[in-house]
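S.K.: The amino acid sequence is not available; the structure is as follows:
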């Protein structure tokens, strides 16, 4: 693999982690900001790096895929966050009147 491809895949993974974090923390406005930034970077790459027209079918398909990736990462982050919040809320805490090791 070329260094450029590794760099682009790394940026995609960071972007997906940011979308997942927004879902984990229930921050839909952060998702919108992250999504707009990612789509802007994707457009810049397609126009300047690949010399594609912004409204051609392949570019629009790439944007649609990016939007679906972002919503999927947000949903997975939301589900993980929800499970973690419920898990923390259901923890059994030690009663203060009982000593450790006593029956």
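M.R.: Here it is on my side, so go on. Predicted model only: the values in this text are computed from it and were never measured.

S.K.: And for stretch 33-52, what's in contact with it?
M.R.: 8, 11, 15, 18-19, 22, 53-54, 58-59, 62-63, 66-67, 70 (Cβ atoms under 8 Å, 6 or more residues apart in numbering). Bear in mind the C-beta positions are built from the backbone N, C-alpha and C, glycine included.

S.K.: at 7 Å what do you get?
M.R.: With contacts defined as Cβ atoms under 7 Å, 6 or more residues apart in numbering, stretch 33-52 is touched by 15, 18-19, 22, 54, 58-59, 62-63, 66-67, 70.

S.K.: if I pick the spatially most central residue of the chain, what's in contact with it?
M.R.: In the chain, the C-alpha nearest the mean C-alpha coordinate belongs to residue 19, at 2.2 Å (Cα atoms, centre = their mean). Going by Cβ under 7 Å, 6+ apart, residue 19 touches 31, 34, 70, 73-74, 77.
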